[in-house]
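Asks: This is a predicted model, with the sequence first.
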Amino acid sequence: MQTSAPLAAAAAPATPATPDQSYTLFPRDVVKFSVYGEGDLSTELRLSGNGTINVPLLGDILVAGLKLAAAEKKIQQAYIDAEVLIRPQITLQVSEYSKKEISVLGQIGRQGKVELPVESTSISIINAITLAGGFTRIGKADAVKVTRKKADGNGEEVFILNVEKMISGRGKEPVFYVIPGDVIFVQERLF
């Protein structure tokens with residue numbers, strides 16, 4: 001088991017400042033796709049469950065996990081590599097955000113799924129627990145377990161967090177951010 005080791009997601013802001021520039025694409029998002037000067041290629045595309053979109057004239061390209069600008073560049077390069085277009089100017093704009101959820105279980109007000117705000121890719125663990133009704137009177141706030149699937153899909157990471165210190169500001173405990181798919185478990189306090 002690991003303790004609150006910092007992760008890239010742990011430092012991510014809860015809501016991106018400018019979604020069109022900093023939003024990370026997720027499976028099931030819907031994007032408006034266009035190529036400047038090629039109106040017949042403009043369409044709306046839904047990312048598949050495995051994170052690909054079916055790009056006109058190219059086929060499936062994996063874009064989940066990429067920021068919008070990076071996805072645009074990847075598609076642009078794919079058109080160039082396939083010698084379909086010479087200097088394509090690709091534009092992607094999110095028209096529908098997929099549902100992103102976290103599971104909150106154990107000694108919590110309302111167990112179950114907590115949905116992240118529409119454009120968010122993470123929220124603080126404090127906000128997630130608050131949205132789930134807060135700790136019960138016997139909830140162990142100083143040893144909250146977060147289970148997260150590894151980015152490469154091979155196994156899980158487990159974090160034991162002192163949320164009580166995060167809330168109070170004692171002990172300089174950095175605020176931990178949870179991401180879609182995380183499972184938060186609050187144990188029962190032993191008296």
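Replies: Structure's in. What do you need?
Asks: all contacts plus neighbour counts: C-alpha atoms, from now on.
Replies: Fine.
Asks: For stretch 85-100, what is the distance to the chain centroid?
Replies: Taking Cα atoms, centre = their mean, to the nearest Å, one finds the center of stretch 85-100 at 17 Å from the center of the full chain.
Asks: Can you list the buried residues in that stretch?
Replies: Within stretch 85-100, the residues scored as buried using 16 or more other Cα atoms under 10 Å are 85, 88, 90-94, 97-98, 100.
Asks: Inside strands: which ones of those?
Replies: Applying DSSP state E to the buried residues of stretch 85-100, the entries found in strands are 90-94.
Asks: Can you convert these into a markdown table and add a column each for distance to residue 33?
Replies: Supplementary listing: those in a markdown table, determined by distance: Cα to Cα, whole Å:
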| residue | distance to residue 33 |
| --- | --- |
| 90 | 7 |
| 91 | 6 |
| 92 | 5 |
| 93 | 7 |
| 94 | 9 |
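Asks: and of these, the nearest to residue 28?
Replies: Nearest to residue 28 out of these is residue 94 (Cα to Cα; 10.9 Å).
Asks: The closest one against residue 32, yeah?
Replies: Yes - Residue 94 lies in contact with residue 32 (Cα atoms under 8 Å); the separation is 6.2 Å.
Asks: Throw the buried residues of stretch 85-100 into a markdown table and include distance to residue 133 and pLDDT, thanks.
Replies: A markdown table is the format used below for the buried residues of stretch 85-100 (distance: Cα to Cα, whole Å; pLDDT from 0 to 100):
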| residue | distance to residue 133 | pLDDT |
| --- | --- | --- |
| 85 | 53 | 91 |
| 88 | 49 | 94 |
| 90 | 43 | 94 |
| 91 | 40 | 94 |
| 92 | 37 | 94 |
| 93 | 34 | 93 |
| 94 | 31 | 92 |
| 97 | 25 | 89 |
| 98 | 24 | 89 |
| 100 | 19 | 90 |
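Asks: Lovely, talk soon.
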